[in-house]
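# only geometry, no sequence info:
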């Protein structure tokens, strides 16, 4: 199981992201702590923010109080929604966030169903929770949960020059597939022009286009993949 932790400043943004998944029927709420969930299942983002604010000081020094965590079991681990919720709650408890306000979501936007958690790292007294070695502690916890619940061990995909290149599957994780395809094409082929590059990429249902622009007075030049 792979855990990804993002630390940010926008509680509304994290809640809106998950709300968008729900609006598309690509996500649902599995549970919460200290947050009132409506009986009809309709999530009001503004009201959720108010719920969180009840447990956060009006003034504080922490500029990035929001944690947005995703827990990603192996695709072969077929879990029930209750099991997803148990994993999320136990993970937060071991991380030291078990008493914090939080919401647990399940996402079904890709074949590999996974969990998203929105919580805050500031307690009611305005004190920031322990974030020392946060990512190291998180890795230790996911390993413990894999062993406890007999889950497949997380293994990050390794890309090498011998890795076969496959066509992009629109039903899968497109962003990851494109990134891997571009990396492997760069390892395996030589090309001198965008035309030659696209001739190769087209074999795998990918296209590249140069892009230029200016942001805040600074020019940028890059490539966009489709």
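Cool, the structure landed. Model, not experiment: these values are computed from the prediction.

# this structure: helices as residue ranges?
11-23, 45-53, 81-95, 134-148, 174-188, 194-201 (DSSP state H).

# most distant residue from the centre of this structure?
Within the chain, residue 192 marks the point farthest from the mean C-alpha position, 35.8 Å out by Cα atoms, centre = their mean.

# let me see the contact set for the closest residue to residue 76 other than its chain neighbours.
Counting by Cβ to Cβ, 6 or more residues apart in numbering, residue 76 lies nearest to residue 152, which is 5.5 Å off, once chain neighbours are set aside. C-beta here means a position set from N, CA and C on the backbone, and glycine is covered the same way. By Cβ atoms under 8 Å, 6 or more residues apart in numbering, the contact list for residue 152 reads 73, 74, 76, 77, 146.

# how close does the third one get to residue 86?
When Cβ to Cβ, to the nearest Å is applied, the distance between residue 76 and residue 86 equals 19 Å.

# when the two are compared, which one has more neighbours?
residue 86 (16 against 8; other Cβ atoms under 10 Å).

# distance of the more buried one from residue 30?
For residue 86 relative to residue 30 (Cβ to Cβ), the value is 10 Å.

# look up the closest residue to the most centrally placed residue in the chain, ignoring the ones flanking it.
Among the residues of the chain, the one closest to the centroid is residue 70, at 4.6 Å (Cα atoms, centre = their mean). Spatially, and ignoring its direct neighbours in sequence, residue 70 is nearest to residue 4 (4.7 Å; Cβ to Cβ, 6+ apart).

# need the contact list for that neighbour.
69, 70, 72.

# swap in residue 34?
Per Cβ under 8 Å, 6+ apart, neighbours of residue 34: 51, 55, 100, 101, 102.

# sweet, I'm off.
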